[in-house]
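*Asks:* Quick one, structure for this:
(chains A and B)
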Amino acid sequence: MMHVLTAQNADEYPELMEKVWRFRHKQFVERLGWKELRSEDGRETDRFDTDDAIHLAVVSGGDLVGYTRLLRTSRPHLLSDVYPGIMEGQDWPRGETIYEWTRCISDDRAAKFGDVQASHVLITGVLEFCLLSGIKGMIVETHPKLVTWMLETGYKVQTLNTPQMINDVPVVPVYIGATRTALERHHQMFGIAGSVLEIDEGLINPVVGRGLLQRHLPGLAAADANLQPAFSPEVDFASMREAVGRKPH
Amino acid sequence: MRSAIANMMFDYVETLEGIASEDEAFAHLSKVANFFGLSSFAISGIPEPHEKIDPYILLNGWPEEWSRRYVDKGYVRIDPVIQRTLLSDNAFVWSDELKRINVDRKGMEFMHEATEFGFVNGFSVPIHSIRGFRAIVTYASDRVDLSREARGALHMISIYAHNKIKELKTGGKNALMQRSVNLTPREKECISWCSEGKTAWEISTILGISERTVSHILENAQRKMNTTNRTQLVAETIRAGLIR
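*Replies:* This is a model prediction of the structure:
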C-alpha cells in the first residue's frame, strides 16, 4: 500500500519517482491551482527534495493514488526557509526526530483499498511510519479546518501561533506528537487492520541513519484484533492544504 | 513577547484538557467571547434540509426566547449565516460576507428580527468533521470589532471548542465509536425519517416499500446500535454522528 522511499532506495524505483513528480504537479498545480509550483515539464520538485527527504507513496495496482513528504526540521524545511514569517519570530519544535509534514495529497477518485479510502491509508501510513522510525512528532503548516480532523483522529494538536494569511489563505502552524493512541484511533475510525506500510528489505532507518527499519510495529495486529470494526467515514478529507510558498529560486 | 490575543488562544487550549463537563466548557468559552467583546455564542451541527436543528445543538448560549423561535420556526433553513457557512471553509464576520452572497427577502427579515436580541453582527466558524459532518461555531453581538489576529485566534479556539464539546457529548473517550456500527444507507434513511417523527407506515409510503420492510430495517439498526427502542435508536445514531 504505502511505499517508503529514501535516498537509499529511490534510485531503484525510477518509474515510481517519476510518477511522484508528475502526481505532485497534477494534484497541486493543476487541480488545486498552486501557481507558484507550476513547471514547464509537468513535474513538481523543489529544493527540499534532497537525500534527506522521505517520500511516502500510496500505490494501488501500479497507480500512484496518494503521496506525502517528510522533511527533517534540523535541516532546511518550509517553515525555516520559505515562510518563517508565520511564526512571527517565535521558535518552533525542531530537531533530528521532529519532521515537517508537507505535500500531502491523494487522488479522491482513486480506487479504494477494500473499504478504505486512499486518503485514509495515506494519513494512517504517515503516523505508522513515524512510530516505526522513531519520529517523535511533526510540524504542519495547514489550513485551520484540518485541525478538526487532526483532533478527531486522536492527535493532541499544539497550535504554535495564530493563523496567518498567505496568498489570502489562512495558514496555522501546529505540532502533533506521534503516539500509539492516535494510530489506534486512525485504525478504528477508518476500519484499517494491520500495517499499511511496504518497507523494502534492508532499508536503513532514514531518521536515525543506521540500523534496519523494522518491518512492522510490534503488537499492532494484536491491538487491531481487539478493536471493534468502526463504521466507514462517508466523506473524506481531500488534501492537507499546506501553505503555498513562493517557488524558491 | 506574545500579544494578549495570542496568549488568550494559548491559555484556552492549554486549560481545555481539564474541562470535564458541558457547563465548564460553556463557562470556558464565555470567557473567550467576553474577551473578544461578543455577547452570545452557540455551537451546532448543521442539519440536512428536511431535518430539524434541535438534536444537533451542541452548546447553546443564545437568549432563551431567540433560541426557542429559531428552533420552532425552522430558521436554520433561511439563516443566511448558515448558508454562507456551507459555502466556504474560512471563518467570517457576517457584515463582510453576507453582502457577497444573495440574501433573499426571508433572510433579510430574519437578520432584522435577530437585531431585536442585540444581534447586529457576528463571527462564525465553519467546521468540517472528517466524517463529513458539518457544524458551526458562531458568535453574535451588537458590534464586531475583531482584528485579523483576533479572527485567527478565535477561529482556532472555536475548532478546539467544537471538538471538546463533541468529545464530552459522546461520553469522553470515544465510547460510541468502539461499538460495532456500520449502518447501511437504507437504515440511515429510515432512522432519519424516524427522527422527523414519522411512523413505520408513513416511512413505507415515502420510500415506496412495505411497512414490514421498514420495521425490519429499523429492528436491524436497533440491534446494531445496541438500543432497545426507536427513540433511543434515533438519539444514539445522531450522537454517534451516523446520521446528520
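*Asks:* now the helices for chain A?
*Replies:* A:14-24, A:78-81, A:118-133, A:145-152, A:180-190, A:220-225 (DSSP state H).
*Asks:* ranking these by mean pLDDT, which is last?
*Replies:* When the helices of chain A are compared on mean pLDDT, helix A:220-225 scores lowest, with a mean of 72.
*Asks:* From A:Leu37, how far out is A:Arg22?
*Replies:* A:Arg22 is 13 Å from A:Leu37, where distance means C-beta to C-beta, to the nearest Å. All C-beta atoms are positioned from the backbone trio N, CA, C, and that covers glycine.
*Asks:* More neighbours: the two, which one.
*Replies:* Taking neighbours as other C-beta atoms under 10 Å in any protein chain shown, A:Arg22 and A:Leu37 compare with A:Leu37 leading, 19 against 15.
*Asks:* out of the helices of chain A, nearest to chain B?
*Replies:* Smallest distance to chain B across the helices of chain A (C-beta to the nearest C-beta): 4.1 Å, for helix A:145-152.
*Asks:* Helix A:180-190 and that closest one, what's the angle between them?
*Replies:* 100 degrees (axes from the mean of the first three to the mean of the last three C-alpha atoms, to 10 degrees).
*Asks:* need the helix or strand of chain B with the lowest average pLDDT.
*Replies:* helix B:175-178 (a mean of 43; mean pLDDT, DSSP states H and E).
*Asks:* rewinding a little: okay if I get the helices of chain A as JSON lines plus distance to B:Ala161?
*Replies:* Formatted as JSON lines, those follow (distance: least, C-beta to C-beta, whole Å):
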{"stretch": "helix A:14-24", "distance to B:Ala161": "35"}
{"stretch": "helix A:78-81", "distance to B:Ala161": "26"}
{"stretch": "helix A:118-133", "distance to B:Ala161": "23"}
{"stretch": "helix A:145-152", "distance to B:Ala161": "11"}
{"stretch": "helix A:180-190", "distance to B:Ala161": "20"}
{"stretch": "helix A:220-225", "distance to B:Ala161": "31"}
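*Asks:* May I have stretch B:198-205 as PDB, with CA atoms only?
*Replies:* Coordinates of each C-alpha in stretch B:198-205 appear next as PDB, following Å, rounded to 0.1, in the frame of the first residue of the first chain:
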ATOM      1  CA  LYS B 198     -42.700   9.500  11.000                       C
ATOM      2  CA  THR B 199     -44.200   6.200  11.700                       C
ATOM      3  CA  ALA B 200     -43.100   3.000  10.000                       C
ATOM      4  CA  TRP B 201     -46.200   3.200   7.800                       C
ATOM      5  CA  GLU B 202     -45.500   6.800   6.800                       C
ATOM      6  CA  ILE B 203     -41.900   5.900   6.000                       C
ATOM      7  CA  SER B 204     -43.000   3.000   3.900                       C
ATOM      8  CA  THR B 205     -45.200   5.300   1.900                       C
END
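*Asks:* Can you give the distance of it from its chain's centre?
*Replies:* 27 Å (C-alpha atoms, centre = their mean, to the nearest Å).
*Asks:* And the nearest residue to A:Leu151 once chain neighbours are set aside, how far from B:Ile157?
*Replies:* In this structure, A:Leu151 finds its nearest non-sequential neighbour in B:Asn163, 4.3 Å apart by C-beta to C-beta, 6 or more residues apart in numbering or on different chains. Noted for B:Asn163: a distance of 11 Å to B:Ile157, by C-beta to C-beta.
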